[in-house]
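Undergrad: Everything below, folded, please.
(2 chains)
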There are 2 protein chains.
Amino acid sequence: MEIPVLQNILSANDAIARRNRERLEKQGILTINIMSSPGAGKTSLILQTINHFKSKARIAVIEGDVASRIDADKVYQQGVPVVQINTDGGCHLDANMTANALDNLPLEEIDLLLIENVGNLICPASFALGEDRKAMLLSTPEGDDKPYKYPLMFAESDVVLVNKIDLLPYLDFNMEAFRKAVTGLNDKAQIFPVSCKTGEGLEAWFSWLKGERRKKKHRSS
Amino acid sequence: MEIPVLQNILSANDAIARRNRERLEKQGILTINIMSSPGAGKTSLILQTINHFKSKARIAVIEGDVASRIDADKVYQQGVPVVQINTDGGCHLDANMTANALDNLPLEEIDLLLIENVGNLICPASFALGEDRKAMLLSTPEGDDKPYKYPLMFAESDVVLVNKIDLLPYLDFNMEAFRKAVTGLNDKAQIFPVSCKTGEGLEAWFSWLKGERRKKKHRSS
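TA: Numbers count the residues shown, from 1 in each chain, chains lettered A, B, ... in the order given. Model (predicted):
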């Protein structure tokens, strides 16, 4: 009798994330998982991104929160399709929640899907949703030592946006020390200092998104 | 035959937390569990508190972090006993980690134990450590809508410190709206606007701690 030896079994979350990815791939949708601490500026980044790409791409948003629909309401007012996920105490989105959200979006009419994860610098980094890329924000008031304390998310992210640079004059935030800390964990991460309040620096983020959309189209065609 | 029906079984965490509490009670140690988002100012609050009580009470600190010993080093430099717990990816402290930390502290020489939880506005609220009181910080750059999005921690905390009020002139933070949101979840919470950078407002926190120590001594005697 042969004993079956199973290798590389995906976790339930990874299996569902793969299905999400295939589904999004089929429609050519570029999907970005946006993560950060509470109040670092994820929603502001999404609103700025909608505003920039409004006439250039069809955007949709999935909003993840422990409770409330405050962020989804803000996005809805911009006239883009949005689904709110309330995790009801859960500290991160997972692939199954994302699959349910995809069921409620008009996928054939979307070019760019932005997923706002739950505000948490730890757990979201461990759960694939089916995204193409992970982007994270670190806001300057949180301090430049955060990569040492929360290494996984910095190691996992393709883009690190340093938000609230408009507050730099009032803080002891050392951008060079921060860059060094991030690069030590992840030498491929793109680092973009921005202010989602004033708009400063956001061109770099928009250009990066454009480049990713171009690559995606190239892969799909 | 009688079938045993067990009620009110404590979870493993609650059982260990109760043992921690008994152990701390025996020594008359007032223990505060300090929680917040990453970078909201827990370590600064602890350093200010050490500085204020240095000649008045014997303080010790337990530092919780996913990784690194940056905060423990800062506390150690103040000359007070400190234990660093690294959760190695875990998103909160639990009672068992705390029990191990207590084994490494000179309990008979401590009046006030400050426990800095992992930076996370969600999970730490669900795990008792054996503390007398829970205190949380919300820093003004995080925004005044956080109680709606992360209700449990605000509902569970005895004290809510609103830190970084020195940044208020540069932010859209509505203190009245914030107070209303907190009170709606928890009408017993004490709310103290403070700046751990300038020291503004910290007298209220020190007075509250003094009051809690007095009550504790009264109970113990």
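Undergrad: shouldn't A:His155 be in contact with A:Leu185?
TA: I think there's a mix-up here, since residue A:155 is Ala and not His. Yes - in terms of CB atoms under 8 Å, A:Ala155 counts as a neighbour of A:Leu185; the distance is 4.6 Å. (Each C-beta comes from the backbone N, C-alpha and C, glycine too.)
Undergrad: Settle it for me: which of those two has more neighbours?
TA: A:Leu185 (18 against 15; other CB atoms under 10 Å in any protein chain shown).
Undergrad: wouldn't that one be in contact with A:Glu156 here?
TA: No - A:Leu185 is beyond contact range of A:Glu156, at 9.3 Å (criterion: CB under 8 Å).
Undergrad: Quick check: end-to-end length of stretch A:56-67?
TA: 32 Å (CA to CA, to the nearest Å).
Undergrad: nope, stretch A:55-70 is what I was after
TA: Where stretch A:55-70 starts and where it finishes are 25 Å apart, if you go by CA to CA.
Undergrad: measure A:Ser207 to A:Glu200 for me?
TA: 15 Å (CB to CB, to the nearest Å).
Undergrad: do the same with A:Pro106
TA: Using CB to CB, A:Pro106 is found at 34 Å from A:Glu200.
Undergrad: got it, and A:Lys56?
TA: From A:Lys56 to A:Glu200 the distance is 21 Å (CB to CB).
Undergrad: for A:Tyr170, same thing?
TA: A:Tyr170 sits 16 Å away from A:Glu200, going by CB to CB.
Undergrad: So which of those two has more stuff around it?
TA: A:Tyr170 (15 against 12).
Undergrad: Assign a three-state SS to the most centrally placed residue in chain A, would you?
TA: Using CA atoms, centre = their mean, the residue of chain A that lies closest to the mean C-alpha position is A:Ile34, 1.6 Å off. When classified by DSSP: H, G, I helix; E, B strand; the rest coil, A:Ile34 comes out as strand.
Undergrad: what's the spacing between it and A:Val61?
TA: A:Ile34 is 10 Å from A:Val61, by CB to CB.
Undergrad: So for those two, which residues contact both of them?
TA: A:Ile46, A:Leu114, A:Ile115, A:Glu116 (CB atoms under 8 Å, 6 or more residues apart in numbering or on different chains).
Undergrad: Need the max-distance pair from those.
TA: A:Ile46 and A:Ile115 (9.5 Å; CB to CB).
Undergrad: quick one, which of those two is more surrounded?
TA: Applying other CB under 10 Å to A:Ile46 and A:Ile115 shows that A:Ile115 carries more neighbours, namely 28 against 25.
Undergrad: Specify the beta-bridge partners of that one.
TA: Beta-bridge pairing for A:Ile115 (DSSP bridges): A:Asn33, A:Ile62.
Undergrad: For A:Gln190, give its distance to A:Met153.
TA: 15 Å.
Undergrad: Stretch A:179-189 close to chain B?
TA: No - contact between stretch A:179-189 and chain B is absent, the nearest approach being 10.4 Å (criterion: CB under 8 Å from any CB of the partner chain).
Undergrad: neighbouring strands for whichever strand or helix holds A:Ile85, and are they parallel or not?
TA: Here A:Ile85, judged by DSSP states H and E, is contained in strand A:82-86. The strands that strand A:82-86 pairs with in its sheet are strand A:59-65 (parallel) (by DSSP bridges).
Undergrad: Give me the residues contacting the strand it pairs with.
TA: A:43, A:46, A:49-50, A:53, A:69, A:71-72, A:75, A:80-87, A:92-93, A:97-98, A:101, A:105-106, A:110-119, B:149.
Undergrad: Buried subset of these as a ChimeraX selection?
TA: Selecting the buried subset of those in ChimeraX, with 16 or more other CB atoms under 10 Å in any protein chain shown as the burial test, is done by:
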select /A:43,46,49,50,53,69,71,72,75,80,81,82,83,84,85,86,87,92,93,97,98,101,105,110,111,112,113,114,115,116,117,118,119 /B:149
